[in-house]
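# Would you be able to build a 3D model of this:
(one chain, ligands or ions: 2)
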Amino acid sequence: MDVGIIGGGGHVGLPTGLVLAESGFSVTLIDTDAERLETIEDGVMPFTEEGGEEMLTSVLDAGRLSTTTDVEAIAECDVVMIVIGTPIDEHHNPEMENLLGVVDAMEPHLSEDQLVLLRSTIYPGTTKLVRNRLEEIGFTVGEDIFLAFVPERVTQHRALDEIVSLPQLVGAFDEASGDRAEALFESVIEADCHRLTPAEAELGKLFTNMWRYLTFAAANEFYLIADSFSTHHEVNIHRIIEKTSENYPRFDVPSPGANVGGPCLTKDGWFLVDNIPYNELVSAAFQINEGMPAQLIDKLSTIAPDPDRVGVLGMTFKANSDDTRNSVAFKFRKQLRMNGYDDVVEIEPNCEGFDDWEDLEGVDWLVLMTPHDEFKDLNQIAQYVDNPDCVVSDSWGLWDVSYETDQNGWFRLEELRPRDKQTEAT
Ligand SMILES: NC(=O)c1ccc[n+]([C@@H]2O[C@H](COP(=O)([O-])OP(=O)(O)OC[C@H]3O[C@@H](n4cnc5c(N)ncnc54)[C@H](O)[C@@H]3O)[C@@H](O)[C@H]2O)c1
Ligand SMILES: CC(=O)N[C@@H]1[C@@H](OP(=O)(O)OP(=O)(O)OC[C@H]2O[C@@H](n3ccc(=O)[nH]c3=O)[C@H](O)[C@@H]2O)O[C@H](CO)[C@@H](O)[C@@H]1O
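Residues are numbered from 1 along each chain as shown. Ligands and ions are numbered 1, 2, ... in the order given. This next block holds a predicted model:
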């Protein structure tokens, strides 16, 4: 069976193509980004994805993966999957033109019996718009062409595993389309398919992401509340969360963290907020998560005003990632500059073009934005900083010292002792 993936060079499209090709399908990645397709043809992953390089080599060698920028290629495909980016526009509204433009561009090349799968995260009602467009050009969905929305729910870096292991939501208007979509996924995945209407699947995907975003906002609000108490009391949010949830079944709270962003969670909230008049919860979550940089700067300014130099650890949107899309670290940097703090050292071990470790020398503030594995050894980082007065912010609780001090994850580097000395002292 031939599968064409529009947006096939992307963070979702490429892993999906790899898994399908590895399972025996003949896959064509269709993407407007010719440079990215060339990289893929050369056997190089354009971004990090666990196991990606090996699987790419394997499917290229087997001749089951090809690439093109020409949407005409869908004419040869039994299944056409659309998984292009679905961003919000400058007014924070869903940007629909690209997706609907893709459907228009496909139209001359569509033929009877094809299965069209929408896999991007889409504004509720989009599957219906696509069905209407297909019917306007003479197809009858469920009879001579088939359509389903099957949202991708993988998390970047674990995509190759999760594509196979996660259950699929199959949103279809008719039995025949749903059956075909299920048959395709069931031939590849180890989990179940769950049938919904298209609008239910569209909302279900968005609710899943918003739920995650809300839990991070709750953790961040707890962090800020604990911080307010730490002025007069010995309070440490990381200890509270760790000890309160230990062996207790109903306090499954994630770690707070200054960087809740990325290509999905934040923009997906904007797909939801304008449909009811009082959307306090999602809006409040935006305010809390997006407000974290300003909160950090306020607090740091109280502890050590007017820093000459600030060090930022981590510029990607999440740990151990090389993806900088919608990373809150950039907002933090912008706000530092708005406060007149222009000497900002940015350490990002997973991407080119940032500063060197040595540039951390003498920073007055050191802020952990993204808890990469490379940052786990704080003693080593402290050697680069070489300034005992430097104030550290660890909203994530990455370092042991953040649990041991009574300042809620804020401490000066002089409080840092090598782990063995700490053990001797206790
Ligand atoms: N990144 C994730 O972890 C993730 C997980 C689940 C769902 N999603 C959703 O999947 C969709 C894709 O996200 P992504 O992170 O893969 O985005 P991406 O930007 O990494 O990939 C999208 C790809 O589509 C291509 N493209 C854009 N317009 C095109 C067009 N008109 N024709 C052909 N190709 C075109 C781009 O060149 C790019 O390679 C989004 O809706 C996103 O919300 C993403
Ligand atoms: C519901 C769900 O699970 N959705 C996932 C999400 O995946 P993602 O790639 O966006 O990654 P996440 O791990 O969710 O991180 C997002 C941000 O939250 C920060 N974070 C993380 C852990 C923590 O304890 N505290 C935090 O603050 C982190 O730094 C980062 O900025 O959206 C994808 C696209 O729709 C989904 O497919 C995928 O399932």
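# Okay, strands next: where are they in the chain?
2-6, 26-30, 65-68, 79-82, 115-118, 146-149, 168-171, 193-196, 310-313, 344-347, 365-368, 391-393, 410-412 (DSSP state E).
# just checking, Pro124 touches Phe271?
Yes: contact criterion C-beta atoms under 8 Å: Pro124 and Phe271 qualify, at 7.2 Å. All C-beta atoms are positioned from the backbone trio N, CA, C, and that covers glycine.
# out of these two, which sits in the busier spot?
Phe271 (24 against 19; other C-beta atoms under 10 Å).
# Next one, pLDDT for the more buried one please.
At Phe271, the pLDDT value in this model is 93.
# mind starting the numbering at 28 from now?
OK, 28 is where the count begins now, so the last one is Phe298.
# Report the contact partners of it.
With contact taken as C-beta atoms under 8 Å, 6 or more residues apart in numbering, Phe298 is in contact with Ile115, Pro121, Thr148, Ile149, Tyr150, Pro151, Leu233.
# Look up phi and psi at it.
phi -70, psi -10 (degrees, to the nearest 10).
# Also Pro114?
Dihedral angles for Pro114 - degrees, to the nearest 10 - are phi -80, psi 180.
# count of neighbours near the residue in the stretch 328-453 of the chain positioned nearest to ligand 2?
Nearest residue of the stretch 328-453 of the chain to ligand 2 (C-beta to the nearest ligand atom) works out as Lys345 at 3.8 Å. By other C-beta under 10 Å, 20 other residues sit near Lys345.
# my guess is it contacts Asn286, does it?
Yes: assessed by C-beta under 8 Å, Lys345 is found in contact with Asn286 at 7.2 Å.
# Mutual contacts of those two, please.
Thr397.
# just to revisit the earlier point, single out the most deeply packed of the strands of the chain.
Mean neighbour count (mean count of other C-beta atoms under 10 Å) peaks for strand 173-176 among those, with a mean of 28.
# just checking, what packs against that strand?
strand 142-145, helix 153-163, strand 195-198, helix 202-213, helix 225-256 (3 or more C-beta pairs under 8 Å, 6 or more residues apart in numbering; DSSP states H and E).
# just to revisit the earlier point, just the pLDDT at the residue of the stretch 328-453 of the chain closest to ligand 2, thanks.
97.
# Okay, the nearest residue to it once chain neighbours are set aside and Ser282: tell me how far apart.
In space, and not counting its chain neighbours, Lys345 is closest to Gly289: 6.0 Å by C-beta to C-beta, 6 or more residues apart in numbering. Applying C-beta to C-beta, to the nearest Å, the value for Gly289 to Ser282 is 16 Å.
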